[in-house]
Structures are given as structure tokens and as C-alpha cells.
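K.L.:
3D model of this:
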Amino acid sequence: MERSKNFHIYLGIAALLIAGSAGFFSVFGLSKLFAGAAFSVIIMAGSLEFGKLVAAAFLYRYWDKINIFQKTYLSTAVVTLILITSAGIFGYLSNAYQGATVSFEKQSNQLLAYEDRLEQLLEDKQFLKEELEIQVKDLPDNYITAKRKLREEYNPRIQSVNDEILDVKGKVGDLKVELVETGVDVGPAIYLAKVFDTDVDSVVKFFIFILIFVFDPLAVMLVIAFNQALLLRENENTPRADAPVSPLLKKNWWKFWEMYGEEKPKVEEPIAIYSSEEEIQPDVDDLPEIEEDENKSEVRKSLKGGIKT
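P.N.:
Presented below is the predicted three-dimensional model:
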């Protein structure tokens, strides 16, 4: 993907999605914190989120062209806004967690109360039985009527405790079923709490801190990376003054051999053997000597007008 021509587009989309998600969570988290002026807080937080991203991009692009005051203030503002965004995300996720666990915690507290009540009823039942046995043993064996009256007196009380025990056990069973259904939303947190031997709230807070540590800082870094990719792309597309010109740009495209990337055929010039200013002098020494016949020479002289006497 890094060699793709559209990689800067993917980088921009990732920066937009993460920054938008972080801004959404932060804005609505701060609106929950300041519920008395929620709409005003949404406008203010949204403007700050946009300004934070623009300031980070500005610092990267013009770091060498701005003064020290602008560098210090804008850097401090960006870091502070990152912390504010992280706080807003923490508030939003905490509120969502509490909304999902309100009924779960309510049912858990009711279950604990019913279990305590059940334990107390079982102790009361055991106490009544032991008290009845002690009073019956204290009576003589021939006091059968008195013993019967004691049993008739204690049995309704024991039966009332038994009925209440059965009622509480039924409520405990129903609450356990409801807790299983409600605990689906926070089941992973409950499981992790058991693994690390801690409470659910501590586990959830730990994961929220991990999320806010990488959420908004990653969004800002992706915005800076997107600007860096754009600048590098602009530098690659801008020709340098000292850059060599491609031979293809120098060709005459109306010639068929250059149209297909072929080179123009070269015609070798004839090598000059002698200069035009020099006169050619034949070498007579190399020519063979010709012997003339004496008769022919005399005839040639007579032809010239001379008569031999």
C-alpha cells in the first residue's frame, strides 16, 4: 500500500475517521459533564477540536517560518486540547459504562440483600428448633400435654420462617437469572475482573485509560502524517531547475521512428582524404619510362613542318 499512488488518500481517510470519532466522543462527553449548557458546550468543543487539527497541521507545514512565540503557544495549545479531548472521551465512555451497569449493580445489591436475609432466616429457624427441643427436654416425661402445647406453639413460628425462606429463595433464583441476562453487556469486564482478582470498575477504568492514551494522540499524528505525505507528493511532482530533461521530451514526435521510442538513424559523414586547398601532385618517379622508336620520332618531326635534307 505504501507504493500506491493513492496512499495519501488512505492516510487522509484514516485521519478523518479517527479524528472525527475522537471529536464526537469528546464533544458529547463534555456535554454530559456540563449538562446545564449542553448545546453551547457542543459548539465550543467542536470548534476547539477543529482548531486543534488545523494548528497541528500549521505547525508541521510552517515550523521553520514562524517565531518562537507562535511555536510555543500553538504547541502548548495542541497538547492541552489533546488532554481535554481525552478527558471528554473518558467522560463519554464512563457514562456509557454506568448506563449499561446500573441495572446490573442494582440487581447485584438486591441479590446480596436477599442472600443475607436468607442466611438470617435459616439461623432463626435453627434457633427455634433448638429452643423447642430444650424446653421439651426440661419437662418431665409424663407432661405429655405440656409438650404438645409447646410444639403447637413453636410449629407456626417455624412454619412462618420456612415460608419466608422459600419466598426469599425464589427471589434469589429470579435475580440470578436476571443477572445472567443483564450481565451479557458487561460479561467480558466481569470475566477479566475475576481473572485479575479485582472489581469490575477497576478493569473498566483501566481499559478506558488505554483507549484515551492512543485515541486522540493517534488522530493528531495521522493529520500530521497526511500533511507530510501531501508535501512529499508536491515535491515529487515539481520539477527541479537542475533536473535533467528526459530525452523523450526533446524528440520530434512527428517522425515515426521517434514516435515509438526509436532513435533517429545516423548517417556517417565521408571522411575527407585531402583538403580542397591543396593541389594534388602526381608522383612521376613511380611511372615507367617509355622508349620511343627513332623512326617514329623522325616522322613526328616531319609532321611538324620540318623536311629532312
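K.L.:
so what does the host helix or strand of residue 116 touch, helix or strand wise?
P.N.:
Following DSSP states H and E, the helix or strand that holds residue 116 is helix 68-138. If you count contacts as 3 or more C-beta pairs under 8 Å, 6 or more residues apart in numbering; DSSP states H and E, helix 68-138 packs onto helix 7-33, helix 38-61, helix 144-182, helix 200-237. In this view, the C-beta of every residue, glycine as well, is placed from N, C-alpha and C.
K.L.:
quick one: it to helix 200-237, angle?
P.N.:
In terms of direction (axes from the mean of the first three to the mean of the last three C-alpha atoms, to 10 degrees), helix 68-138 departs from helix 200-237 by 160 degrees.
K.L.:
between helix 68-138 and helix 144-182, how big is the angle?
P.N.:
Orientation check (the same axes, to 10 degrees): helix 68-138 against helix 144-182 gives 160 degrees.
K.L.:
for helix 68-138, the distance to its chain's centre please.
P.N.:
What separates the centre of helix 68-138 from the centre of its chain is 33 Å, taken as C-alpha atoms, centre = their mean, to the nearest Å.
K.L.:
ok, residue 119 - contacts?
P.N.:
Contact criterion C-beta atoms under 8 Å, 6 or more residues apart in numbering gives no residues in contact with residue 119.
K.L.:
How about residue 126?
P.N.:
Residues counted as contacts of residue 126 (C-beta under 8 Å, 6+ apart): none.
K.L.:
so where's the stretch 201-309 of the chain shaky on pLDDT?
P.N.:
Confidence mapping of the stretch 201-309 of the chain against pLDDT under 70 gives the ranges 238-309.
K.L.:
Kindly report the same for the stretch 1-150 of the chain.
P.N.:
Filtered on pLDDT under 70, the stretch 1-150 of the chain yields the residue ranges 1-4, 100, 102, 104, 141-142.
K.L.:
Mind doing that once more with 80?
P.N.:
1-6, 32-33, 35, 96-111, 128, 132-150 (pLDDT under 80).
K.L.:
burial measure for residue 223, as a count.
P.N.:
Other residues near residue 223 number 24, with proximity taken as other C-beta atoms under 10 Å.
K.L.:
who touches it in this structure?
P.N.:
Residues counted as contacts of residue 223 (C-beta under 8 Å, 6+ apart) are 15, 19, 53, 56, 57.
K.L.:
out of the helices and strands packed on helix 68-138, which comes closest to residue 191?
P.N.:
With C-beta to C-beta as the measure, helix 200-237 is the member of these nearest residue 191 (9.2 Å).
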